[in-house]
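[1] structure for the following, please:
(one chain, ligands or ions: 1)
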Amino acid sequence: MRAYLAHVELPNPILTAAGCAGTGRELAPFADVTRLGALTTRSITMAPRAGRPTPRMAETPSGLLTSVGLQGPGVDAFLARELPWLAERGTRTVVSIAGGSVAEYTALARRLADAPGVTAVEINLSCPNVEDRGRVFARDAVAAAEVVASVRAALRYDVPVVAKLAPDVADVVAIARACVDSGADALAMINTPIGMSVDVDTMRPVLAAGAGGLSGPAIRPLAVRCVWQVHAALPGVPLVGMGGVTSGRDALELVLAGACAVAVGTTLFHDPYACPRILRELEELLQERGFDRLADAVGVAHRPAQARVDSSRTDASKIDLEESSL
Ligand SMILES: Cc1cc2nc3c(=O)[nH]c(=O)nc-3n(C[C@H](O)[C@H](O)[C@H](O)COP(=O)(O)O)c2cc1C
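    Numbers count the residues shown, from 1 in each chain. Down below sits the predicted model:
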């Protein structure tokens, strides 16, 4: 079942989410990485990073709290050892990049510009901007747009730039629009909203860093809401949906809300075989519903309801997200 990431054709719409399949080698014992729609790498940084102190992970009801802190050996090691391993196998690779300033994101994009095997570049905007008192790029439309424009300019035009958005912002559509207006070819959503757990026995935060990113099924409704809102506002923009996908049904939910590809993250930690299963399930569900092509199902939940037996059901065209939260 073919899919598209902007203008790039993928053999199927199931990707791995950044940070949940390392840079491929970690997943390879369990799944053929070349059969993924694409593998998204963990976010690559300019310099090596040791990450945050432990504990960095805590389970929560239906979710996972993590504060890994972008651990990794830096872009030189990635280009020398990790990207060639993926390229040799013909894996479609979305390289996620993370930086603390516009200049750092730009420098990373320049390093990737001539590297063989880069299918797309995903900008992890959930990073603190060291030049603006640590205000996260994903929460600031102007700063996010600056990063996107600069990364776009540093890459060949045929390499799609995907801006990855955070859900815990006042107006996700405003951030999405700013990224698209400044050159993003596609948007990925959602990154992890910030959460926290306190251990009632030790009476201290569970994570050493205090707060962390919440992922897994607990955030799927947030992901569906963000994909829905952005697809409604920017219907022509390709969206990669993610957040708590564990099955083909979950993937289909994001597709119906407006995603044209779906990434699997936290699920891989307990089920590293999940991607081919989720693809199979999604294909079956689409077939059962009479869709010959994935594209025909994208955003279908937005269509006005046809004659409904149950007239009390909400007509999609009339949903007001602000009001429905009251
Ligand atoms: C352990 C872990 C590491 C992650 N690392 C990254 C990362 O390096 N870059 C990034 O953009 N997102 C990262 N994420 C966020 C995921 O890519 C994804 O957006 C989020 O977890 C929601 O999907 P999920 O619920 O399927 O995990 C990470 C998530 C987890 C759980």
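
[2] for the rest of this, base every contact and every neighbour count on C-alpha atoms.
    Fine.

[3] Val94 in helix, strand or coil?
    Per DSSP: H, G, I helix; E, B strand; the rest coil, the secondary structure class of Val94 is strand.

[4] local confidence estimate at Thr314?
    Per-residue confidence at Thr314 stands at 60 (pLDDT).

[5] then Arg49?
    For Arg49, pLDDT reads 89.

[6] and it, what are its bridge partners?
    Gly72 (DSSP bridges).

[7] and for it, the neighbour number?
    Per other CA atoms under 10 Å, the neighbour tally for Arg49 reads 14.

[8] for it, which residues are in contact?
    By CA atoms under 8 Å, 6 or more residues apart in numbering, Arg49 lies in contact with Leu70, Gln71, Gly72, Pro73, Gly74.

[9] without its sequence neighbours, what residue ends up closest to the second one?
    By the measure of CA to CA, 6 or more residues apart in numbering, the closest residue to Gln71 outside its immediate chain neighbours is Gly51, 4.2 Å from it.

[10] what do you get for the first one?
    In this structure, Leu70 finds its nearest non-sequential neighbour in Gly51, 5.6 Å apart by CA to CA, 6+ apart.

[11] sheet-wise, list the partners of the host helix or strand of Leu214 with their directions.
    Element membership for Leu214, per DSSP states H and E: strand 211-215. Counting by DSSP bridges, the strands paired with strand 211-215 are strand 63-66 (antiparallel), strand 194-196 (antiparallel).

[12] follow-up on the earlier one: any of the contacts of Arg49 buried? List them.
    Leu70, Gln71, Gly72, Gly74 (16 or more other CA atoms under 10 Å).

[13] which one of those residues is nearest the ligand?
    The ligand lies nearest to Leu70 out of the buried ones among the contacts of Arg49, by CA to the nearest ligand atom, at 5.5 Å.

[14] give me the low-pLDDT residue ranges for the stretch 201-326 of the chain?
    306-319, 322-326 (pLDDT under 70).

[15] Pro128 pairs with what?
    Here Pro128, judged by DSSP bridges, has bridge partners Val136.

[16] what sits against it?
    Per CA under 8 Å, 6+ apart, neighbours of Pro128: Gly100, Gly134, Arg135, Val136, Phe137.

[17] helices of the stretch 1-150 of the chain, start to end?
    75-77, 83-88, 102-113, 141-154 (DSSP state H, counting those that start in this stretch).

[18] deepest in the core, which of the ones you listed is it.
    helix 141-154 (a mean of 22; mean count of other CA atoms under 10 Å).

[19] near the ligand, which residues of the stretch 201-326 of the chain show up?
    Residues of the stretch 201-326 of the chain found near the ligand (CA under 6 Å from any ligand atom) are Ser215, Gly216, Met242, Gly243, Gly244, Val245, Val264, Gly265, Thr266.

[20] now, which of those lie within strands?
    In strands, judged by DSSP state E, the following of those are found: Ser215, Met242, Val264.

[21] and of the residues you listed, the nearest to Leu36?
    Nearest to Leu36 among those, counting by CA to CA, is Val264 at 10.7 Å.

[22] quick one, what contacts the closest one?
    By CA under 8 Å, 6+ apart, the contact list for Val264 reads Ile14, Leu15, Thr16, Ala17, Met242, Gly243, Gly244, Val245, Thr246, Cys275.

[23] list the beta-bridge partners for it.
    Where Val264 sits in a bridge, its partners, by DSSP bridges, are Thr16.

[24] kindly report the same for Leu207.
    Beta-bridge partners, per DSSP bridges, of Leu207: Gly210.

[25] that one reaches Pro55, doesn't it?
    Yes: the pair Leu207 and Pro55 qualifies as a contact (CA atoms under 8 Å) at a distance of 5.2 Å.

[26] more crowded one of these two?
    Leu207 (22 against 14).

[27] list the contacts for the more buried one?
    Thr54, Pro55, Arg56, Met57, Ala58, Thr66, Ser67, Met196, Ser197.
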